[in-house]
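**Student:** Mind looking at a prediction? Sequence and model below.
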2 protein chains.
Amino acid sequence: MTETTFLEEYDPEIYRRPSVTVDLVLLGLSGNRLTALLGQRTEHPHAGKWALPGGFVYIDEALDDAALRVLREKVGIDHAHFEQLYTFGAVDRDPRMRIITVAYLALMTEAAFADALAHAPHLTPASVDMSGVGVRARAVTVVAKDGERLSLAFDHADILATAILRLRGKLDYSDVGFAFLPPRFTLRRLQDVHEAISGGPVNKSAFRRRMIDKGWIVPTGTRETATAFRPAELFRFERQF
Amino acid sequence: MTETTFLEEYDPEIYRRPSVTVDLVLLGLSGNRLTALLGQRTEHPHAGKWALPGGFVYIDEALDDAALRVLREKVGIDHAHFEQLYTFGAVDRDPRMRIITVAYLALMTEAAFADALAHAPHLTPASVDMSGVGVRARAVTVVAKDGERLSLAFDHADILATAILRLRGKLDYSDVGFAFLPPRFTLRRLQDVHEAISGGPVNKSAFRRRMIDKGWIVPTGTRETATAFRPAELFRFERQF
DNA sequence: TAAATAGTGTCTTTTAGACACTATCGC
DNA sequence: GCGATAGTGTCTAAAAGACACTATTTA
């Protein structure tokens, strides 16, 4: 910030200030579907609609710390792949007052997902249908386990669509895909992740080649146990930059 | 935002609120170098250091609108490729008070760049050296016309590095490259843009193939004028999704 | 041994890099 | 015609899709 006058810079009261919140897009893989955790609103506005977990940013708290605190306090887990997503600041996005929200992606392993459901029973998993999400179009449909289509509060449908697009965009050149998996995983499961996020089938042999050629995954020499048929080899992710 | 108590939601005074600003990363191509527009601070803190233009977000103003207003009021131009970049919210990023800033990319054509310099004489162009910017490392060096290395205020070096990385990441699959060019441009000039952003040389024939195969550029049938040697054909950008 | 999935081999297509070559313009 | 840049052709290498094939395990 520069070129502001002395007054602007030093008198905090000269401008009314907006509230700032963080909202979490909690995503995990449930079965083979990309699934978000949502809470149902009990109060106006948007009572009955479904919303992303969120909370206010304290005055002495960094944005990332606020998001982590919300994850701990309102979701009951302390580990997830964390990434700032986008900041939503339309004037009327909340009818009560001016609230600017910084949305975060929080990607969970299946274990973290289960922990969240256990510790935060008010959160409901809802599978995300992204067939309507294109480069421009951003129609997300959120469906509960019983098949009911859930209606999202505020601008949370926008936020969710932004999250899906971000995820898709980063899938090929970053390590976000591994955020959904435990330390050891099969190649088939990794392919499930990619198919869930991209929304379409993935060529098996080309996929395996690509993953191995990237040098990101290392065979562990161990195999799955308790499978009905031939057990697959377990790999682990190894960062290398 | 959900799962907040009634009080949290309805009493705006229960939390002290941070100030929210927008900062603009104004980038253009000057010669063949990626160049940012910066203002020198005259007051504490960071007096003498260089900073991105910015300003407070009004209580009844959307984030995007605030960024556009700052562009008009403090840069003196009304058109640029606009894109929200990232939100910076470390507690101590400004020593005076808690300020969260939403950074915006503002990419200018050469004409807009010249307009900005004419209308906002306090802004200084500084070429951005990104040789230190890798996937992880984010060392940006900013050099004035006279070769002097400029020191950046606040966390603006972080913001600038984030901008460069974003630009690089989007260069291949989006249309950001065209934001630096006038409506009609030569392929060589488009290649200059890509080389400036990627920081390295680009293969000519492969580049031309790629650009034409993408279907984004259309030959206009007209050519450059007043060139010293063979004039190149002028192309125009045509969005197609 | 049958069922089912893990994992491989190979052909084709596409895309990109290297680099020399031709074309065209101002002077 | 010379200098200099515009623009093309072609060879090669790397990456991705298609798809059939083999391998291995459980029940």
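**Tutor:** Received it, and whenever you're ready, just let me know what you need. What you see is a predicted model, and the numbers here were worked out from it, not measured in a lab. Numbering: from 1, shown residues only, chains lettered A, B, ... in the order given.
**Student:** Every contact and neighbour count from this point should use C-alpha atoms.
**Tutor:** OK.
**Student:** what stretches of chain A score poorly on pLDDT?
**Tutor:** Low-confidence segments of chain A, defined by pLDDT under 70: A:1-14, A:134-137, A:241.
**Student:** what does it put close to DNA strand D?
**Tutor:** For chain A, the residues in contact with DNA strand D (C-alpha under 7 Å from any atom of the strand) are A:202-207, A:209-210, A:226-231.
**Student:** By neighbour count, which of these wins?
**Tutor:** Neighbour counts for these (other C-alpha atoms under 10 Å in any protein chain shown) peak at A:Phe207, which has 16 neighbours.
**Student:** could you show me where the strands are in chain A, in order?
**Tutor:** Using DSSP state E, the strands of chain A run over A:19-30, A:33-40, A:50-51, A:54-56, A:81-88, A:99-107, A:123-133, A:138-144, A:149-150, A:184-185, A:217-223, A:233-237.
**Student:** JSON lines please, covering these and showing mean neighbour count and distance to DNA strand C.
**Tutor:** Shown next, in JSON lines, are the strands of chain A (neighbours: other C-alpha atoms under 10 Å in any protein chain shown; distance: least, C-alpha to the nearest atom of the strand, whole Å):
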{"stretch": "strand A:19-30", "mean neighbour count": "25", "distance to DNA strand C": "16"}
{"stretch": "strand A:33-40", "mean neighbour count": "23", "distance to DNA strand C": "17"}
{"stretch": "strand A:50-51", "mean neighbour count": "26", "distance to DNA strand C": "35"}
{"stretch": "strand A:54-56", "mean neighbour count": "26", "distance to DNA strand C": "37"}
{"stretch": "strand A:81-88", "mean neighbour count": "20", "distance to DNA strand C": "25"}
{"stretch": "strand A:99-107", "mean neighbour count": "25", "distance to DNA strand C": "23"}
{"stretch": "strand A:123-133", "mean neighbour count": "20", "distance to DNA strand C": "22"}
{"stretch": "strand A:138-144", "mean neighbour count": "19", "distance to DNA strand C": "25"}
{"stretch": "strand A:149-150", "mean neighbour count": "16", "distance to DNA strand C": "29"}
{"stretch": "strand A:184-185", "mean neighbour count": "20", "distance to DNA strand C": "10"}
{"stretch": "strand A:217-223", "mean neighbour count": "14", "distance to DNA strand C": "7"}
{"stretch": "strand A:233-237", "mean neighbour count": "19", "distance to DNA strand C": "4"}
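**Student:** Of those, which is nearest B:Arg149?
**Tutor:** Minimum separation from B:Arg149 across those (C-alpha to C-alpha) falls at strand A:81-88, 31.1 Å.
**Student:** So that closest one, near chain B or not?
**Tutor:** Yes - interface with chain B: strand A:81-88 contributes A:Gln84, A:Tyr86, A:Thr87, A:Phe88 (C-alpha under 8 Å from any C-alpha of the partner chain).
**Student:** The second one and A:His156 touch, don't they?
**Tutor:** Read that as A:Tyr86. No - the pair A:Tyr86 / A:His156 is not scored as a contact, 12.0 Å apart, by C-alpha atoms under 8 Å.
**Student:** CA atoms only: put the longest helix seen in chain A into CSV for me.
**Tutor:** If you go by DSSP state H, chain A has its longest helix at helix A:156-171. Provided in CSV are the C-alpha atoms of helix A:156-171 (Å, rounded to 0.1, in the frame of the first residue of the first chain):
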residue,chain,number,x,y,z
HIS,A,156,-20.9,-21.1,-1.1
ALA,A,157,-21.8,-22.8,-4.4
ASP,A,158,-19.4,-20.3,-6.1
ILE,A,159,-16.7,-21.1,-3.5
LEU,A,160,-17.1,-24.9,-4.1
ALA,A,161,-17.0,-24.5,-7.8
THR,A,162,-13.8,-22.4,-7.5
ALA,A,163,-12.4,-25.2,-5.4
ILE,A,164,-13.1,-27.9,-7.9
LEU,A,165,-11.6,-25.8,-10.7
ARG,A,166,-8.5,-25.1,-8.7
LEU,A,167,-8.2,-28.8,-7.9
ARG,A,168,-8.5,-29.8,-11.5
GLY,A,169,-6.1,-27.2,-12.6
LYS,A,170,-3.4,-28.3,-10.2
LEU,A,171,-3.9,-32.0,-10.5
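**Student:** Verify the stated contact: A:Ala157 with A:Val140.
**Tutor:** Yes - when contacts are counted by C-alpha under 8 Å, A:Ala157 is listed as touching A:Val140 (6.6 Å).
**Student:** Return the set of buried residues in stretch A:64-75.
**Tutor:** Buried residues in stretch A:64-75, counting neighbours by 16 or more other C-alpha atoms under 10 Å in any protein chain shown, are found at A:Asp64, A:Asp65, A:Ala66, A:Ala67, A:Leu68, A:Arg69, A:Val70, A:Leu71, A:Lys74, A:Val75.
**Student:** Identify the residues contacting A:His79.
**Tutor:** A:His79 sits next to A:Met108, A:Ala112 when contact means C-alpha atoms under 8 Å, 6 or more residues apart in numbering or on different chains.
**Student:** Now it: phi and psi?
**Tutor:** For A:His79, the backbone dihedrals (degrees, to the nearest 10) come out as phi -140, psi 130.
**Student:** State the distance from it to A:Phe113.
**Tutor:** 10 Å (C-alpha to C-alpha, to the nearest Å).
**Student:** Please apply the same query to A:Thr124.
**Tutor:** Distance from A:Thr124 to A:Phe113, by C-alpha to C-alpha: 11 Å.
**Student:** A:Pro201 now?
**Tutor:** From A:Pro201 to A:Phe113 the distance is 24 Å (C-alpha to C-alpha).
**Student:** okay, the two: which has more neighbours?
**Tutor:** Using other C-alpha under 10 Å, the more surrounded residue of A:Pro201 and A:Phe113 is A:Phe113, with 24 against 11.
**Student:** is it true that the more buried one touches A:Thr35?
**Tutor:** No - between A:Phe113 and A:Thr35 there is no contact under C-alpha under 8 Å: 9.5 Å.
**Student:** Restricted to helices, list the residues of chain A next to DNA strand D.
**Tutor:** A:Lys204, A:Ser205, A:Ala206, A:Phe207, A:Arg209, A:Arg210.
**Student:** Go back to those residues and keep what's next to DNA strand C.
**Tutor:** A:Lys204, A:Ser205, A:Ala206.
**Student:** So what touches stretch A:168-180?
**Tutor:** A:28-29, A:80-81, A:107-110, A:167, A:190, A:193-194, A:197-198, A:237.
**Student:** same thing but 6 Å
**Tutor:** A:His81, A:Leu107, A:Met108, A:Thr109, A:Ser198 (C-alpha atoms under 6 Å, 6 or more residues apart in numbering or on different chains).
**Student:** Return the member of these nearest to B:Thr21.
**Tutor:** Closest to B:Thr21, out of all of those and judged by C-alpha to C-alpha, is A:His81, at 27.5 Å.
**Student:** picking up where we left off before, out of the strands of chain A, which is closest to B:Leu52?
**Tutor:** Across the strands of chain A, closest to B:Leu52 is strand A:81-88 (C-alpha to C-alpha), at 19.3 Å.
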